[in-house]
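A.B. asks: Here is a sequence together with a model predicted from it:
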Amino acid sequence: MPKDEKRYTSAHLFVDRTKALDLIPLDEVAFHANERKEGPLIPSLRATSSYYPGGNANLISIGIEMCVEKDGTIHPDTIARTVLVVQMLQHKFG
């Protein structure tokens, strides 16, 4: 990738059938949840912070994306690996 080209991600973790990648540190905000121009989809998940005054569930959640196969399906191994990731997060954060 050229130096001046930027890539962005909207979730903390990405899971496929062979690995789970953590691309955004879990203590940083990722913009994956309850975000839309009209305001939060679920108003009760609104959270605010001085650095994110229009905040929402992004401030209080961890985003996990499951990668799809070329045919548009989610491989059973991806689902199983995602379960392990969620269990790890449950153990880490209670």
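C.D. replies: Yep, it's here.
A.B. asks: the strands in the protein, which residues?
C.D. replies: Taking DSSP state E as the test, the strands found in the chain are 13-15, 20-22, 64-66.
A.B. asks: will you turn the ones you listed into TSV that also has mean pLDDT?
C.D. replies: As requested, the strands of the chain are arranged in TSV below (pLDDT from 0 to 100):
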stretch	mean pLDDT
strand 13-15	97
strand 20-22	95
strand 64-66	96
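A.B. asks: Helices along the protein, start to end?
C.D. replies: 76-93 (DSSP state H).
A.B. asks: Where does the prediction get shaky in it?
C.D. replies: 1-8, 34-55 (pLDDT under 70).
A.B. asks: again, 50 this time
C.D. replies: For the chain, applying pLDDT under 50 flags the ranges 1.
A.B. asks: What's the local residue count around the residue lying closest to Leu89 once chain neighbours are set aside?
C.D. replies: Nearest residue to Leu89, sequence neighbours excluded (Cβ to Cβ, 6 or more residues apart in numbering): Ile62, at 6.3 Å. For the C-beta atoms, the positions are set from N, CA and C on the backbone; glycine is no exception. Residues near Ile62, counting by other Cβ atoms under 10 Å, number 20.
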